[in-house]
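[1] No letters, just coordinates:
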């Protein structure tokens, strides 16, 4: 039609016809994309109903593509949504989807910073899921993910992020050690928490410092539970020292949840230590 008008010398009319056709085509494309988004939304609902993790992950990636923003940050936002819902509501499926999306984030990472973030996110999702399962496969995968993150999040480049991942690694190792008969994983957890404290100092990040102190108390408590006699008492005393340090920072009002948690740990540790004294006296 445009060629015919041009050949007749009706250049303006040809241009008008071309612009009108382009406008119609844009409307068709927009309608098709809207239809695709509706299908993706329906597909996600279907994936949730059938517990199809791979389908949910692929559809979330397709949705980002259709929205025109499938970069690293946008993908991470979607992963965070699934992770937080799975963590807060105890939804295994949501955590599995967040794991798949975190893996996809790692493949889309374009630099060391993004690779470190993706690996740390993957570790957190695996650890959260692993705590809810009886086996150790997810926890072992979480440890591996955090160790990969530390290859990117080095102390010299990003010291606070390095400390965060060390703390996360300690939590995963502690959870793993609680399910194993030996103490190797628990001792590795102690080392990871101590690494975190090299940068998470009380003067720089007091709440993070106190949280790690409390984490050390929990590890020492578990080590005490696997020991006897003087070794048991040593671990329990160390644990009490760590939790006392944490309580110096945790404010009952500003950080009530952590204060109450640490206070309960302190009471439990003291009771265990007193029980040991009574047993020795008996």
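    It's in. The shown structure was predicted, so the numbers you read here are calculated from the model rather than taken from an experiment.
[2] Tell me where this structure is predicted with low confidence.
    The chain contains residues with pLDDT under 70 at 30, 32, 276-282.
[3] In it, where's the longest helix?
    Scanning the chain for the longest helix, with DSSP state H as the assignment, gives helix 11-50.
[4] packing partners for whichever helix or strand comes after that one?
    Once the chain leaves helix 11-50, the next helix or strand it forms, by DSSP states H and E, is helix 53-67. Applying 3 or more CB pairs under 8 Å, 6 or more residues apart in numbering; DSSP states H and E, one finds that helix 53-67 contacts helix 11-50, helix 72-89, helix 92-108. (C-beta placed from N, C-alpha, C; glycine too.)
[5] Contacts for helix 53-67 next, please.
    The contact list for helix 53-67 (CB atoms under 8 Å, 6 or more residues apart in numbering) reads 33, 36-37, 40-41, 43-44, 46-48, 70, 74-75, 78, 82, 93, 96-97, 100-101, 104.
[6] coming back round to it: in the longest helix of the chain, what's buried?
    Buried positions in helix 11-50, judged by neighbour count with 16 or more other CB atoms under 10 Å: 14, 17, 40, 43-44, 47.
[7] so it versus helix 53-67, what angle?
    Relative orientation of helix 11-50 and helix 53-67, computed by axes from the mean of the first three to the mean of the last three CA atoms, to 10 degrees: 160 degrees.
[8] now for helix 11-50, which elements pack on it?
    helix 2-7, helix 53-67.
[9] angle of the longest one against helix 92-108?
    Using the same axes, to 10 degrees, the direction of helix 53-67 lies 50 degrees away from that of helix 92-108.
[10] if I pick residue 186, what's in contact with it?
    Counting by CB under 8 Å, 6+ apart, residue 186 touches 173-174, 177-178, 219, 222-223, 226.
[11] So it versus residue 214, what's the distance?
    15 Å (CB to CB, to the nearest Å).
[12] Now the spatially most central residue of the chain. Its backbone dihedrals?
    In the chain, the residue lying closest to the centroid (CA atoms, centre = their mean) is residue 124, at 3.1 Å. In terms of degrees, to the nearest 10, the main-chain angles of residue 124 are phi -60, psi -40.
[13] May I see the helices and strands packed on helix 53-67 organised as TSV, with distance to residue 200 added?
    Below are the helices and strands packed on helix 53-67 laid out as TSV (distance: least, CB to CB, whole Å):
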stretch	distance to residue 200
helix 11-50	38
helix 72-89	22
helix 92-108	24
